[in-house]
Structures are given as structure tokens and as C-alpha cells.
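>>> Turn this into a model:
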Amino acid sequence: MNITLNGFTGRNIKIFMDGVPMQGNSSSFQLNNIPVSLAGRIEVYKGVVPVEFGGDAIGGAINIVTNRTTNSFLDASYSYGSFNTHRSNIILGHTTPKGFSFQLNAYQTYSDNDYKIKSRLITNGQYSRETFDFKRFHAAYHNETVVAKVGVVNKSWADRFFIGATLSQDHQEVQNAPANIEFVYGDVETSRKGFQPNLEYYKRNLLFKGLTARISANYNINSNKSIDTSSYKYNWLGEKTMAVSKGERGTSALSEFNNSNYSAMANLSYDINPSHSITINDVQTGSKRYSTSTAPEELVTEFEKLRRVSLKNVLGISYRFRQNQKWNINVLEKIIIKKLLALIILLMNLIQTGRNEVKVTIRWGTE
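Purely as a prediction, here's the structure:
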């Protein structure tokens with residue numbers, strides 16, 4: 001999914017959900033596949049990102065604020081569209097008179113994606129001169145996600161305190177090479193799974209009037225699998241012939257990337273008076289990635305052999321002056337610390353090739 005904001009795109013724009021960055025989430029739980037009913041509102045920030053988010057994006061940020069009503073509710077929907085596309089969603093919540101609250105959101109998407117494309121046909125190893133209309137036959141996609149949380153509201157020690165978890169998965173059939181539509185696949189598949197426990201705490205007038213505290217944390221465990229072990233080659237008619245070797249994309253491979261990352265945020269804000277306030281915010285994020293592959297050793301890139309560990313901490317301080325409801329002035333400073341470690345997993349391979357490098361990059365700076 002490509003988003004352009006204020007002339008910037010890609011990594012220059014950060015996506016948040018309730019102030020927590022979504023970049024560490026599994027691809028099965030991202031902006032392009034969450035239901036509209038999950039969002040109470042969407043905030044768009046152009047340019048400098050407020051310290052409350054702790055992000056280092058220079059283009060801006062998008063924050064999805066989930067529905068935080070304390071009422072009891074139930075909302076269900078189902079839709080059907082072209083290419084056998086099914087979408088369904090159910091969201092429910094309940095809060096007892098004593099302040100115990102729970103919410104559940106479950107949704108799924110399925111599509112055959114069997115629309116028509118125009119391409120040449122390969123027969124007996126030869127491409128036709130003319131192009132024909134073909135129906136995609138190996139492009140199905142499905143996604144399932146469950147978001148659950150339980151906690152308490154309106155207590156003397158917390159306005160909101162929730163613990164929860166998000167469980168998501170998706171599966172996609174790969175129909176053709178991304179760079180050349182004439183390279184047809186019939187058995188290549190990818191799948192992704194994600195699990196994210198999380199915590200949220202919010203309290204106004206903590207210790208004394210005007211002091212607000214907010215804490216959030218989550219831990220993501222993601223896995224991405226790619227399967228390409230077929231012994232056949234396909235054309236756009238779905239016809240298959242025995243291949244010389246396994247692997248439709250060049251070589252047989254059963255690869256898996258595993259990622260784990262976390263994000264923890266602590267925020268204190270104090271309203272000195274109706275016109276003046278200060279905020280201190282600290283966000284720490286970290287990630288670890290490693291991979292496995294059944295591809296021949298000589299075909300696995302050095303990047304895929306790396307065990308990557310990263311750590312980032314963003315400390316932000318801001319002062320706000322509000323003259324009235326129409327305009328205000330913000331002065332902020334962010335201190336960013338980054339570390340990146342690259343560790344080679346296959347030590348014996350390093351010894352054989354004579355390479356033994358571990359790179360450590362530390363960046364200090366302000367934004």
C-alpha cells in the first residue's frame with residue numbers, strides 16, 4: 001500500500017494505531033486490511049510529528065484512533081464483491097457498572113482475484129506473437145484477524161487500563177513474476193502469521209490536578225513463509241509440464257523469515273494553566289530478525305544470512321502555548337538514539353570465506 005502525504009512517501013510517513021507504531025506488525029494486520037469499524041477517527045499530521053508519537057518521520061504521520069466507547073455495543077457486517085470477494089466483520093464490547101470492560105473485533109477477507117489479464121502464451125517453450133486475454137487461476141488471497149482486550153475503566157487509579165492481544169494470518173497464491181507477467185506460476189505461495197500482546201494505561205489528574213500519564217507497550221511475533229517447490233512449469237491456460245528441476249522461480253526454496261519486535265511508550269503531560277502545558281515522552285523500539293531457507297547455499301544472499309538486531313529510543317519534550325481555540329504554538333525537541341547490529345548466523349561459512357565482520361552503527365542526533 002502506497003501513501004503520499006505532504007509530498008513524502010514510504011518510510012518518511014509513519015502509521016500509528018492509538019499512538020503505537022504499526023511498522024512492526026505482521027503484514028496481515030496493516031492499514032490496507034483493517035476494517036473501517038475498528039477506527040473511531042483518523043488523525044493526519046503533516047510535517048513534524050508531535051512528541052506524543054515518538055516517531056522520526058519527516059513527512060508526517062497517520063494515527064488511527066480505535067473506538068473507545070464504554071457503552072455496550074454489537075456491530076456486524078458482510079459484503080460480497082467482484083472476483084468472489086467476501087468481507088465480514090464483527091465487533092462487540094461491554095462495560096459493567098463496576099467498570100470491567102472487554103472488546104472483541106474479528107474480521108476476514110477472501111478473494112479469488114481471478115480477473116482477466118492480457119499476455120502472450122507460451123507453448124512448448126515458445127511464446128506466441130499475439131497477446132490474449134487470460135483469467136488468473138492461482139491468485140487467491142485470504143486474511144483473518146482477531147483483536148481482543150479486557151480491562152477496567154473509570155477507576156481511582158486508572159481512567160483506562162487494558163491488556164489484549166491481536167492474532168492475525170494471511171495466505172496468498174502467487175500467480176506471476178512481479179517484473180514480467182509472462183512468467184506464470186501455478187504452485188508458488190506465501191503466508192504470514194502474527195501475534196501481538198499489548199498493554200494500555202491512561203490516567204488524568206495523576207497525583208495532582210493537571211498531570212496526565214499514558215503508558216502503552218506491545219510485543220510482536222511475526223513469521224513469513226515462502227513456498228516454491230513445484231516440479232512443474234505453467235502457462236496462462238493452466239497447463240503444466242514437467243520441469244527439469246524444482247522451483248518455478250528458478251530454484252526450489254522453502255524459506256521462512258521470523259521477526260520479533262517491541263514498542264514501549266511512557267508519556268507525562270502537565271497543564272500549567274489553560275494556556276500553557278508541557279509534555280515529556282519516551283519511546284523505545286527494538287527488533288530482531290533471522291531467516292532459514294532450503295535453497296542451495298550459493299544462492300542464499302549474505303543479507304538473508306544475517307541476524308539483524310536493532311534498537312531505537314526517542315525522547316521528546318514539548319511546550320505548548322494556546323492563545324485560544326483557533327491557534328496555538330508548539331516548541332519541541334526530540335533526541336534519537338539508534339543502534340544496528342548485524343551478526344552472521346553461519347559461523348563456519350565465515351571461516352571458510354575468510355570473512356568475519358560484525359558491524360555496529362550508533363547514531364546520535366536531534367530532530
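
>>> list the contacts for residue 109?
33, 85-87, 141-143 (Cβ atoms under 8 Å, 6 or more residues apart in numbering). C-beta: built from backbone N, CA, C; applies to glycine.

>>> Sheet-wise, list the partners of the helix or strand containing it with their directions.
In this structure, residue 109 sits in strand 100-111 according to DSSP states H and E. Strand 100-111 pairs in its sheet with strand 85-95 (antiparallel), strand 141-153 (antiparallel), by DSSP bridges.

>>> So which bits of the shortest one are buried?
In terms of neighbour count (16 or more other Cβ atoms under 10 Å), strand 85-95 has its buried residues at 87-91, 93, 95.

>>> same deal with stretch 118-130?
In stretch 118-130, counting by 16+ other Cβ under 10 Å, buried: 119-122.

>>> where does the stretch 151-300 of the chain have low pLDDT?
By pLDDT under 70, the low-scoring segments of the stretch 151-300 of the chain are 252, 292-300.

>>> What segments of it are strands?
160-173, 189-203, 211-228, 232-234, 240-242, 253-273, 276-292 (DSSP state E, counting those that start in this stretch).

>>> before we move on, the earlier item: which one, of the strands paired with strand 100-111, ends up nearest to residue 129?
strand 141-153 (32.7 Å; Cβ to Cβ).

>>> Measure how far that closest one is from the centre of its chain, please.
Offset of strand 141-153 from its chain centre (Cα atoms, centre = their mean, to the nearest Å): 15 Å.

>>> Residue 33 - nearest residue in space that isn't next to it in sequence?
Leaving out its chain neighbours, the residue that sits closest to residue 33 by Cβ to Cβ, 6 or more residues apart in numbering is residue 143, at 5.3 Å.

>>> Can you get me a residue count around that neighbour?
Counted with other Cβ atoms under 10 Å, residues neighbouring residue 143 total 23.

>>> and it, how far is that from residue 5?
For residue 143, the distance to residue 5 (Cβ to Cβ, to the nearest Å) stands at 25 Å.

>>> quick one: contacts for the residue nearest to residue 33?
Here residue 143 is in contact with 28, 33, 108-110, 168-171 (Cβ under 8 Å, 6+ apart).

>>> which pair in the residues you listed spans the largest distance?
Greatest spatial distance among these (Cβ to Cβ): 110 and 168, at 14.5 Å.

>>> And those two? Which one has more around it.
For residue 110 versus residue 168, the count of surrounding residues by other Cβ under 10 Å is larger for residue 168: 24 against 16.

>>> Any idea what that one is bridged to?
Assessed by DSSP bridges, residue 168 has beta-bridge partners residue 145, residue 194.

>>> I'd assumed residue 29 was in contact with it.
Yes: at 4.1 Å, residue 168 and residue 29 qualify as touching, with contact defined as Cβ atoms under 8 Å.

>>> shared neighbours, those two?
Counting by Cβ under 8 Å, 6+ apart, the shared contacts of residue 168 and residue 29 are 145, 194.

>>> Quick check: residue 239 vs residue 114, distance?
From residue 239 to residue 114 the distance is 17 Å (Cβ to Cβ).

>>> Kindly report the same for residue 228.
21 Å.

>>> Who has more neighbours out of those two?
residue 228 (22 against 15).

>>> gap between the two ends of stretch 232-250?
The first residue of stretch 232-250 is 12 Å away from its last residue (Cα to Cα, to the nearest Å).

>>> picking that back up, any chance of the buried residues of strand 85-95 in CSV, with distance to residue 60 and pLDDT too?
Formatted as CSV, the buried residues of strand 85-95 follow (distance: Cβ to Cβ, whole Å; pLDDT from 0 to 100):
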residue, distance to residue 60, pLDDT
87, 29, 93
88, 33, 94
89, 28, 92
90, 33, 94
91, 28, 92
93, 31, 92
95, 34, 93
